[in-house]
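Engineer: Make a model of this:
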Amino acid sequence: MAAYVHMSFLSNYTVLPKFKGVDDVLALDIFSNEPLFNTDFHSFRVINAYSTNPADHRVHSVSPEVLFPDLGFPLLVLGDLNSHNPIWDHLRHFSGREISCSTPYFEKAAESGFALLNPPGEYTRFPLVGTARPSVIDLSFANAPLLPLVKSWEASLPSTGSDHIPITITLATPSLNQKPPRPRWTDTDWVTLDPIVKAFKVPAAPPCPTPLQLDEWMSESLKRLVALLKEHTPVSRPSHHSKPWWTPHLSILRREYLRAARAARKNDSPHMREVAGSSKAGYFKAIKAAKSKHWSSSQLTATPQSLWTAKRFAYGRAQPRFPSLSGAETPQQMNCVLLEHFFPPKEPFSPPPRLRPNRSAPPLTTDEIAAALSKCSPTSAPGPDGIPYSTWKQVNKINPSILLHLLSPLVLLGYHPASLKRSNGVVLNKPGKPSYESGSSFRIIVLIRTISKVLERIIAARLLAAA
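Structural biologist: Now for the predicted structure:
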């Protein structure tokens, strides 16, 4: 094993090679006088290994215990382990011997709290000759202290002449403004929420308010309601490799399989090996059946809206094109250029000092709100608050007075609060453009809060009726 370290790196950090007593393993301990990545750690370790393909699949030239030690500081494990497994190459069918050879690595990594950095199916080896197919054979693992520092894993560098392609792993200071876990609105506990929502009261809006007073009233009222809904909604665990086909039954089978495998290694008897083999066969057979069932079900229930999701699963997602705008070198500068292109400056609107009710405006009714909600798609992307239309439909079904008392003052006063105008912008490139050096080669999708869209639908319906 060999490691190359740039001289500029050595001028700032101390690197100490560590050998594990095995020719195919090299570890580098990297030390710094200052804490690394704004953490409490002054060192981290990189282990690089090459595990030869053993004649006996139960014996490895580099043991899993050497690769995945339990350490209390950041550790990055890299290596060509000469092992194949559906976990990192889910599109390929494997023999029982291949799975038996790779399973000990995966079990020890999971037991020690390591996470696989490779995106599933991202090939790292492309044979230069012969008929062998590409494979995922160069693996990267991060332990729990290092995982928050991993910014990206990429295999986009040009070939160096080897059949293994270079891999770039970027470490960076974790963001101080990390996105919180997303609520799983489809799993909201409406049984518990039903009496709470029925008893929820929207405070009365201030009479003849200033725009600022109405903004504050709307923000506080929505904050109380949204906090109540999120309190009874589970959150999803963020993951780059979520599995829509996974079921609770597979979790049970996986625990039984790992338990049987550990027992077979401790007590190497024919009976225990038979139990472990049976558990393993049942687990991977159930995975294959779950994938097939999920794919068949998604095809049978496909709608014009979900058809594009199925296409993305089948063909993969195209890589986004990063803007190369003239005069913009940093992300902040690109942001400013795109904002000026999509939203050119205009004269600021000056609202009246006090909002007066429009006596000629008919009062808002629950029927208008229900009609507006009925035209809202449950699959539409929500705005900054993340609340989908399906949640507002359920709230309106349980207690119609909530949305009525929230939106009635806005209709009566003819004012759209600033808190409802906040939105997320998604910039997409226009396909087929000869150049992407100007803002006109991109388009923006603005995702506003869903309750704001409900109000817009109500006003649009009234304008259409009056036209």
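Engineer: use CA for all of it now, contacts and neighbours both
Structural biologist: Noted.
Engineer: ok, residues contacting the host helix or strand of residue 410?
Structural biologist: Using DSSP states H and E, residue 410 maps to helix 401-413. By CA atoms under 8 Å, 6 or more residues apart in numbering, the list of residues contacting helix 401-413 from outside reads 200-202, 204-205, 218, 221, 355-359, 361-366, 369, 395-396, 416-417, 455.
Engineer: partners of the very next helix or strand once past that helix, with directions?
Structural biologist: Counting by DSSP H and E, the next helix or strand C-terminal to helix 401-413 is strand 423-429. In the sheet, strand 423-429 lines up against strand 442-448 (antiparallel) (DSSP bridges).
Engineer: and the next element down the chain from the strand it pairs with?
Structural biologist: helix 450-466.
Engineer: before we move on, back to that, now which of the contacts of helix 401-413 would you call buried?
Structural biologist: 202, 205, 218, 221, 355, 357, 364, 369, 395-396, 416-417, 455 (16 or more other CA atoms under 10 Å).
Engineer: so which two of those are the farthest from each other?
Structural biologist: 355 and 395 (28.5 Å; CA to CA).
Engineer: tell me the mean pLDDT over the lengthiest helix in the chain?
Structural biologist: Secondary structure of the chain read by DSSP state H shows that its longest helix is helix 270-300. Helix 270-300 shows a mean pLDDT of 84.
Engineer: quick one: low-confidence parts of the protein?
Structural biologist: The model of the chain has pLDDT under 70 over residues 20-22, 53-60, 90-91, 129-131, 174-179, 237-242, 305-323.
Engineer: how does it divide into domains?
Structural biologist: Per automatic domain parsing, the structural domains of the chain span 7-171, 189-234+320-466, 248-314.
Engineer: Just send those back as TSV, with distance to residue 183 too.
Structural biologist: Shown next, in TSV, are these (distance: least, CA to CA, whole Å):
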stretch	distance to residue 183
domain 7-171	21
domain 189-234+320-466	6
domain 248-314	19
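Engineer: Only the C-alpha atoms, please, for the helix holding residue 410, written as CSV.
Structural biologist: Presented in CSV, the C-alpha positions along helix 401-413 are these (Å, rounded to 0.1, in the frame of the first residue of the first chain):
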residue,chain,number,x,y,z
SER,A,401,-63.9,27.5,11.1
ILE,A,402,-60.1,27.5,11.3
LEU,A,403,-59.4,28.5,7.7
LEU,A,404,-62.5,30.6,7.6
HIS,A,405,-61.3,32.8,10.5
LEU,A,406,-57.8,32.9,9.1
LEU,A,407,-58.7,34.0,5.6
SER,A,408,-61.8,36.1,6.2
PRO,A,409,-59.9,39.2,7.5
LEU,A,410,-57.6,39.1,4.5
VAL,A,411,-60.5,39.0,2.1
LEU,A,412,-62.4,41.7,4.0
LEU,A,413,-59.4,44.0,4.3
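Engineer: from now on call the first residue 53
Structural biologist: I'll keep to 53 as the first residue from here, and by that count the last item is helix 453-465.
Engineer: distance between it and the chain's centre?
Structural biologist: 35 Å (CA atoms, centre = their mean, to the nearest Å).
Engineer: Report the angle between that helix and helix 502-518.
Structural biologist: Helix 453-465 and helix 502-518 meet at an angle of 60 degrees, taking axes from the mean of the first three to the mean of the last three CA atoms, to 10 degrees as the criterion.
Engineer: Please list the residues outside the strand or helix carrying residue 117 that contact it.
Structural biologist: Using DSSP H and E, residue 117 falls within helix 116-119. Under the contact criterion CA under 8 Å, 6+ apart, helix 116-119 has outside partners 72, 99, 101, 129, 156, 157, 160, 161.
Engineer: Please list only the buried members of those.
Structural biologist: Among the contacts of helix 116-119, the ones that count as buried by 16+ other CA under 10 Å are 99, 101, 129, 156, 157, 160, 161.
Engineer: Make CSV from these and add distance to residue 385 and secondary structure to it.
Structural biologist: Formatted as CSV, the buried ones among the contacts of helix 116-119 follow (distance: CA to CA, whole Å; DSSP: H, G, I helix; E, B strand; the rest coil):
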residue, distance to residue 385, secondary structure
99, 39, strand
101, 42, strand
129, 37, strand
156, 49, helix
157, 45, helix
160, 46, helix
161, 42, helix
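Engineer: For those, work out which two are farthest apart.
Structural biologist: 99 and 156 (17.7 Å).
Engineer: which residue ranges form the strands in the stretch 153-302 of the chain?
Structural biologist: With DSSP state E, counting those that start in this stretch as the criterion, the stretch 153-302 of the chain has strands at 167-168, 190-194, 202-206, 220-223.
Engineer: count of neighbours near residue 120?
Structural biologist: 24 (other CA atoms under 10 Å).
Engineer: now swap in the one 10 residues further on and tell me
Structural biologist: Residue 130 has 20 neighbouring residues, counting by other CA under 10 Å.
Engineer: cool, residue 479 as well?
Structural biologist: 17.
Engineer: same question, the one 5 residues further on
Structural biologist: As a burial measure, the neighbour count of residue 484 was computed by other CA under 10 Å and equals 8.
Engineer: And it, its phi and psi?
Structural biologist: Residue 484 adopts backbone torsions of phi 80, psi 10, taken as degrees, to the nearest 10.
Engineer: what about the helices in the chain?
Structural biologist: For the chain, helices defined by DSSP H occupy the ranges 59-62, 116-119, 148-163, 242-251, 263-283, 300-318, 322-352, 359-367, 383-394, 418-426, 441-450, 453-465, 502-518.
Engineer: Including distance to residue 496, could these go into JSON lines?
Structural biologist: Converted to JSON lines, these look like this (distance: least, CA to CA, whole Å):
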{"stretch": "helix 59-62", "distance to residue 496": "41"}
{"stretch": "helix 116-119", "distance to residue 496": "46"}
{"stretch": "helix 148-163", "distance to residue 496": "41"}
{"stretch": "helix 242-251", "distance to residue 496": "35"}
{"stretch": "helix 263-283", "distance to residue 496": "26"}
{"stretch": "helix 300-318", "distance to residue 496": "39"}
{"stretch": "helix 322-352", "distance to residue 496": "29"}
{"stretch": "helix 359-367", "distance to residue 496": "19"}
{"stretch": "helix 383-394", "distance to residue 496": "7"}
{"stretch": "helix 418-426", "distance to residue 496": "25"}
{"stretch": "helix 441-450", "distance to residue 496": "22"}
{"stretch": "helix 453-465", "distance to residue 496": "28"}
{"stretch": "helix 502-518", "distance to residue 496": "18"}
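Engineer: re earlier: next, format the buried ones among the contacts of helix 453-465 as a markdown table and append distance to residue 477.
Structural biologist: Below are the buried ones among the contacts of helix 453-465 laid out as a markdown table (distance: CA to CA, whole Å):
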| residue | distance to residue 477 |
| --- | --- |
| 254 | 30 |
| 257 | 31 |
| 270 | 23 |
| 273 | 25 |
| 407 | 30 |
| 409 | 33 |
| 416 | 30 |
| 421 | 26 |
| 447 | 27 |
| 448 | 28 |
| 468 | 20 |
| 469 | 19 |
| 507 | 20 |
